[in-house]
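[1] Below is the sequence, then the predicted model.
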Amino acid sequence: MLSLKIENLAVTFPGLAAPVLEIDHLEIAAGSHVALTGGSGSGKSTLINIVAGLERIRTGRVFWGEQNLADLSEGKRDQWRAQNIGLVMQDFHLFPGLSALDNILLPARLSRVANAELLKRARTLFETVGLKRPEQHIETMSRGEMQRVAIARALLRKPGVIIADEPTASLDLESGEAVGDLLLSVAADAGSTLIVASHDQRLVERLGRRLSLKSGRIIGDVPVGEIAA
Amino acid sequence: MIRFILADLRRLWLGGAVVILLVALATALGVAVTLQERSLRLGSARAADKFDLVVGAAGSETQLILSSIFLQPAPLPLVDGSVLTKLAADPRVSWAAPVGFGDSFGGYPIVGTTTSLINGTTTGFSAGKMFALEGEAVLGAAVDLSIGAEIKPMHGTAETGGHTHAGAAYKVVGKLQPTGTPWDRAILVPIQAVWHVHNLGHEHGEEEHHDEDGHDHAHEGEEGHGDTHADDAMEPTAQPAAQVATQRQEQKYAFALGAASSKHVEEEHHGAIDADAPIVETFGSFTPGLPAILVKPKTIADAYRLRQEYRSGSTLGVFPGEVLTSLYATLGDAKMVLSAVAAGSQGLVAAALVLVTVIHVGQRRRQIGALRAFGAPRSSVFLIVWLELFLLVALGVGIGFLIGLGAAHIGAQMFTAKSGVILPVGFTREDARLALILLGFAGILAAVPALLAYRQSPAQALRA
């Protein structure tokens, strides 16, 4: 439900002469579903980190709606991300020793925003992503199930944007497909803007727009025939 | 958050346990050293408390105190018996009592003394009564014998190859209340009995002496048989040799232990007590040489005056406190060395902890990054990392204090069993300060990795 606008963005790392990412202008409409593709070193992960507010922006501006991420301090950016971005990562980053439900609620609890309503929503989401035992400990789950828990966690605070970094790369074909389905449907249901970085052609083809990166630049921006939601 | 920390600790329980153990042992070492030293100081001071002034023959002050108050067997030069007579008659003295030692029974020292000393230094009897006859004995609270038991004094101690006095036996008539001093382990008998056993200070006639001598020679022979009984049965021909060996041995140890009188070593010591004779506690000119006289002056001024008076020539007046003070100085030096060792070990543990935390944080960078990526505020992440480490160290410090306390208690009990001195082991405000310092240090130490967690951007942390 947030739109993205990037202007004159350049990301450099110390010791590297050329910027790892350089985008003069990019706009993503609110509610659209965008795939990011490109080989390793293409700047794909950097772009994900930048738009998710995980990395500090030194040059350029990145607007989500009205908010320029470059203006936010580290702490404020964390706070903003907690409220607006649902993150799904390749290796889940779930915390062993906690139950599935506790994992879903952990970020909210650590931000001290967990309340009865959110707890109820966590249980509902747990069913939405197709899981049955909320008290099951995370380390006893299959990888496909883990990614479902991660998706439920990303959705907990009704984020305007869902960002997924290679969400299916560590899953087998079948669970990968299921997780792809799930991502698309929850994003469509919530009307969230969805950005997915992926190598997975089957997933990429199902998204409305494909951005290709190479050596830190956008080399392709094509609409794909999405079965629009 | 607590649940997350607990889950995390459960996952890393082995490493956590090692950290706790390390901290606990290092803390325990320091705590035990401190507690033990303090209790030794307090305990010995309390033990010496009851005795105001000790008068002995000129010689080592320390040895005089160790022998007379802490009942450590060692040869002491003897002070002339007339000193006791003089002290007893001194108007500044409320009571003066001789102590005679050198004999033991079942590992307990037998101390010859007077009723006035027992009355003056104890709180009374837990059972039975005071000795009234020469053949009666009173037990210290820690002596594991019962009233009515028969005590055959052994010259020296069994461990050092002493032998039993022939023809001498005491009957236990009373048991004292505990005093917390080495005297709790003593068997107290009338001083006159000790003299008689060692054939000293006879007020009886010369003829009687002769008679006793003969009587005792017979006993000596019997005793030799008893001592070598085992050898005897197995190898009868070895008997004379064994007897000679026993004889030599006893002379040697008699010297080593000859506290009662060094003189009687050279003599054939074999006297007998007259069990039914009433005790006499007025000491006339027949009073034999004494290893020490315990004096209770009437006032503090008297105490100082008496000490001064008996510090010249052949006598030595000592306040137990002054000797203890110099002993404490030595103890303090020993404590300093031990404390340095303890501090060194604590330093090592601190270094180990820093290492552990640095590795720990390296391993947790991703976790920390993920927590932040998913929206946990930095303060929460900081608190988690800090609390986790701090909990481990605090637990270690707590356990270390308990172990240290336990170790000090065990040490104190062992010491009490051996010496009778009750060592009061306990924490004081000083220890609370040590605990606070340790915890403060732990808090700062734990903040280091927590700060590292604070400074990384989540993207950096996730890349790790």
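    Here it is on my side, so go on.
[2] Check which helix or strand whichever residue of chain A sits closest to chain B maps to.
    Residue nearest to chain B within chain A: residue A:82 (2.7 Å; Cβ to the nearest Cβ). C-betas here are computed from N, CA, C, even on glycine. Assignment of secondary structure by DSSP states H and E places residue A:82 within helix A:74-84.
[3] by contact count, what packs against that helix?
    With contacts taken as 3 or more Cβ pairs under 8 Å, 6 or more residues apart in numbering or on different chains; DSSP states H and E, helix A:74-84 sits against helix B:378-419.
[4] What helices and strands are in contact with the helix it packs on?
    Other elements packing on helix B:378-419 under the criterion 3+ Cβ pairs under 8 Å, 6+ apart are helix A:74-84, helix A:100-110, helix B:2-11, helix B:13-49, helix B:320-373, helix B:429-455.
[5] would you list those in TSV and tack on mean neighbour count, mean pLDDT and distance to residue B:415?
    TSV is the format used below for the helices and strands packed on helix B:378-419 (neighbours: other Cβ atoms under 10 Å in any protein chain shown; pLDDT from 0 to 100; distance: least, Cβ to Cβ, whole Å):
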stretch	mean neighbour count	mean pLDDT	distance to residue B:415
helix A:74-84	19	89	59
helix A:100-110	24	90	53
helix B:2-11	16	81	39
helix B:13-49	20	84	7
helix B:320-373	17	80	13
helix B:429-455	16	82	20
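[6] Now tabulate the ones you listed in JSON lines and tack on distance to residue A:207.
    Formatted as JSON lines, these follow (distance: least, Cβ to Cβ, whole Å):
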{"stretch": "helix A:74-84", "distance to residue A:207": "20"}
{"stretch": "helix A:100-110", "distance to residue A:207": "25"}
{"stretch": "helix B:2-11", "distance to residue A:207": "34"}
{"stretch": "helix B:13-49", "distance to residue A:207": "44"}
{"stretch": "helix B:320-373", "distance to residue A:207": "22"}
{"stretch": "helix B:429-455", "distance to residue A:207": "35"}
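[7] Near chain B, which residues of chain A? Just list them.
    A:49, A:52, A:54-56, A:74-75, A:78-79, A:81-83, A:87, A:89, A:93, A:95-98, A:102, A:106-112, A:153, A:157 (Cβ under 8 Å from any Cβ of the partner chain).
[8] at 6 Å instead, please
    A:49, A:54-55, A:75, A:78, A:81-82, A:87, A:93, A:96-98, A:107, A:110-111 (Cβ under 6 Å from any Cβ of the partner chain).
[9] buried residues in the longest helix belonging to chain A?
    Taking DSSP state H as the criterion, chain A has its longest helix at helix A:173-190. Going by neighbour count (16 or more other Cβ atoms under 10 Å in any protein chain shown), the buried part of helix A:173-190 is A:175-180, A:182-184, A:186-187, A:190.
[10] since we're on the spatially closest residue to residue A:216 that is not a sequence neighbour, how many residues are nearby?
    Among residues not flanking residue A:216 along the chain, residue A:43 sits closest, at 3.9 Å (Cβ to Cβ, 6 or more residues apart in numbering or on different chains). Using other Cβ atoms under 10 Å in any protein chain shown, residue A:43 has 23 neighbouring residues.
[11] tell me the pLDDT at residue A:43?
    On the pLDDT scale, residue A:43 is placed at 87.
[12] In the residues of chain A next to chain B, find the pair that's most separated.
    The span of the residues of chain A next to chain B, defined through Cβ to Cβ, is set by A:55 and A:97 at 29.0 Å.
[13] Please identify which of the two sits among more neighbours.
    The residue with more neighbours, out of residue A:55 and residue A:97, is residue A:55; 21 against 18, by other Cβ under 10 Å.
[14] ok, now which ones touch the residue of chain A closest to chain B?
    Counting by Cβ atoms under 6 Å, 6 or more residues apart in numbering or on different chains, residue A:82 touches A:111, B:375.
[15] Distance of it relative to residue A:95?
    For residue A:82, the distance to residue A:95 equals 16 Å [Cβ to Cβ, to the nearest Å].
[16] now residue A:74
    The value you get for residue A:74 to residue A:95, if Cβ to Cβ is used, is 22 Å.
[17] Stretch A:170-185: how far from the chain's middle?
    Here stretch A:170-185 is found 14 Å from its chain centre; the criterion is Cα atoms, centre = their mean, to the nearest Å.
[18] So what touches that stretch?
    Residues from elsewhere that reach stretch A:170-185, judged by Cβ under 6 Å, 6+ apart: A:90, A:143-144, A:147, A:151, A:167-168, A:203.
[19] if you set the cut-off to 10 Å instead, what comes out?
    Stretch A:170-185 is contacted by residues A:33, A:88-92, A:128-130, A:142-148, A:150-152, A:154-155, A:162, A:164, A:167-169, A:194, A:196, A:198, A:200, A:202-204, A:206-207, A:226-227, A:229 when judged by Cβ atoms under 10 Å, 6 or more residues apart in numbering or on different chains.
[20] Those in helices, which ones?
    A:128, A:143-148, A:150-152, A:154-155, A:202-204.
[21] Chain neighbours aside, what residue packs nearest to the residue of the stretch 1-150 of chain B found nearest chain A?
    Distances between the stretch 1-150 of chain B and chain A by Cβ to the nearest Cβ are smallest at residue B:7, namely 3.2 Å. With sequence-adjacent residues excluded and distances taken as Cβ to Cβ, 6+ apart, residue B:7 is closest to residue A:97, at 3.2 Å.
[22] For stretch B:117-127, which residues meet the burial criterion?
    B:117-118, B:120-122, B:125.
[23] Among those residues, which are located in helices?
    Judged by DSSP H, those include B:117-118, B:120-121 as members of helices.
[24] still on that earlier bit, between the residues of chain A next to chain B, which is nearest residue B:361?
    After measuring the residues of chain A next to chain B against residue B:361 - Cβ to Cβ - the closest member comes out as residue A:93, at 17.1 Å.
[25] which residues does that closest one contact?
    Counted by Cβ under 10 Å, 6+ apart, residue A:93 has contacts A:87, A:103, A:146, A:150, A:153, B:366-367, B:369-371, B:373-374, B:462.
[26] Report how many residues lie close to the residue nearest to residue B:451 when sequence neighbours are not counted.
    Using Cβ to Cβ, 6+ apart and skipping residues adjacent in sequence, the residue nearest residue B:451 is residue B:382, 7.4 Å away. Using other Cβ under 10 Å, residue B:382 has 18 neighbouring residues.
[27] Now do residue B:382, the pLDDT please.
    Note for residue B:382: predicted pLDDT of 85.
[28] That one contacts residue B:450, doesn't it?
    Yes. The criterion here is Cβ atoms under 10 Å, and residue B:382 meets it with residue B:450 at 4.8 Å.
[29] okay, and the common contacts of these two?
    residue B:368.
[30] Chain A contacts on chain B?
    Within reach of chain A by Cβ under 10 Å from any Cβ of the partner chain, chain B has these residues: B:1, B:3-4, B:6-12, B:366-367, B:369-381, B:383-384, B:454-463.
[31] Give me the buried subset of the contacts of stretch A:170-185.
    Those of those that meet the buried threshold are A:33, A:88-92, A:128-129, A:144-148, A:150-152, A:154-155, A:162, A:164, A:167-168, A:194, A:196, A:198, A:200, A:203-204, A:206-207, A:226, by 16+ other Cβ under 10 Å.
[32] Does the residue in the stretch 101-250 of chain B that chain A sits nearest to belong to a helix, a strand or coil?
    Residue of the stretch 101-250 of chain B nearest chain A, by Cβ to the nearest Cβ: residue B:180 (52.6 Å). What DSSP: H, G, I helix; E, B strand; the rest coil gives for residue B:180 is coil.
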